[in-house]
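>>> this one's sequence-less:
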């Protein structure tokens, strides 16, 4: 049993990939609670798709794809926030416009690139290709997310549940929303390396969705979400190693199974009550 657990860890690239999955899972789980409670389910997915032109331009210019994705993610988050800041344009409408426009531009630029194969890992993830520098960036992103949520937890909670009261006590819901969008953008960039553009929404939604079946208080939902994310990273990673399947989908499918189990547990508990 010990050998079964330690065998994959003898390879450096697997250790880096597993560490990346755990770090990204923690950051996504912490934000997942606010994303679900604020009804921002598709913001992460929109940002994930909309950063495609930045990635392609970085590829063409021969610079870091991570840097191109990060710059574009921040730009997209700011643009979504700016378009919907006064309520004249609904947030879902702003997301749709920005998402489709940037994604179409990314596809157009991809048609110019001679080797499409070089960019497929962006769509589906390349967790085993995580380098030391990528891992360092992910550590920094997780630290930023955790510190920001810790320092501004009360502001995030108040603006999430009672925006009118937050204005009365001198808070700016718009400024807090911009900050949350920025944190989501940073986390999405890290998550793309793990699961790719196609599956990134699962890491931002499923942990809180599963935790909400068992808990109602926000801190408990965040804590359970982190546990579920780390567990899915471990189970999905070992399953991908021994079953020889893609790591990103294995992690997401494990999270989905956890959600179904928590939903079943909640149903059984209600019926017994």
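Okay, I see it. The model shown is predicted, which means the values in this text are computed figures rather than measured ones.

>>> mind listing what's buried in stretch 5-18?
When neighbours are counted by 16 or more other C-beta atoms under 10 Å, the buried residues of stretch 5-18 are found to be 8, 14, 16-18. Any C-beta I mention is one placed from the backbone N, CA and C, and that applies to glycine too.

>>> make TSV out of the residues you listed and add distance to residue 137.
Below are these laid out as TSV (distance: C-beta to C-beta, whole Å):
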residue	distance to residue 137
8	23
14	19
16	12
17	14
18	17
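
>>> pick out the most distant pair among these.
In the buried residues of stretch 5-18, two members sit farther apart than any others by C-beta to C-beta. They are 8 and 16, at 11.9 Å.

>>> ok, back up a step: could I get the buried residues of stretch 5-18 as JSON lines with secondary structure?
Supplementary listing: these in JSON lines, determined by DSSP: H, G, I helix; E, B strand; the rest coil:
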{"residue": "8", "secondary structure": "helix"}
{"residue": "14", "secondary structure": "helix"}
{"residue": "16", "secondary structure": "helix"}
{"residue": "17", "secondary structure": "helix"}
{"residue": "18", "secondary structure": "helix"}
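
>>> closest one of the residues you listed to residue 89?
Here the nearest of the buried residues of stretch 5-18 to residue 89, counting by C-beta to C-beta, is residue 17; it sits at 40.0 Å.

>>> now the closest one: how far from residue 185?
23 Å (C-beta to C-beta, to the nearest Å).

>>> could you do residue 271 as well?
As for residue 271, its distance to residue 185 is 42 Å (criterion: C-beta to C-beta).

>>> more neighbours: which of these two?
Of the pair residue 271 and residue 185, residue 185 is the one with more neighbours under other C-beta atoms under 10 Å, namely 26 against 7.

>>> give me the number of residues near residue 110?
Counted with other C-beta under 10 Å, residues neighbouring residue 110 total 18.

>>> and it, how far from residue 185?
According to C-beta to C-beta, residue 110 and residue 185 sit 21 Å apart.

>>> what's the answer for residue 70, then?
Between residue 70 and residue 185 the computed distance is 8 Å (C-beta to C-beta).

>>> now swap in residue 128 and tell me
Noted for residue 128: a distance of 25 Å to residue 185, by C-beta to C-beta.

>>> so where's the stretch 151-273 of the chain uncertain?
Low-confidence regions of the stretch 151-273 of the chain, defined by pLDDT under 70, span residues 197-198.

>>> let's go with 80 and repeat that
Low-confidence regions of the stretch 151-273 of the chain, defined here as pLDDT under 80, cover residues 159-174, 190, 192-201, 246, 273.

>>> buried stuff in the lengthiest helix in the chain?
Under DSSP state H, the helix in the chain containing the largest number of residues is helix 173-211. For helix 173-211, the buried set under the neighbour-count rule, 16+ other C-beta under 10 Å, comprises 173-174, 176-211.

>>> equivalent analysis for stretch 28-44, please.
For stretch 28-44, the neighbour count (16+ other C-beta under 10 Å) marks 28-38, 40-44 as buried.
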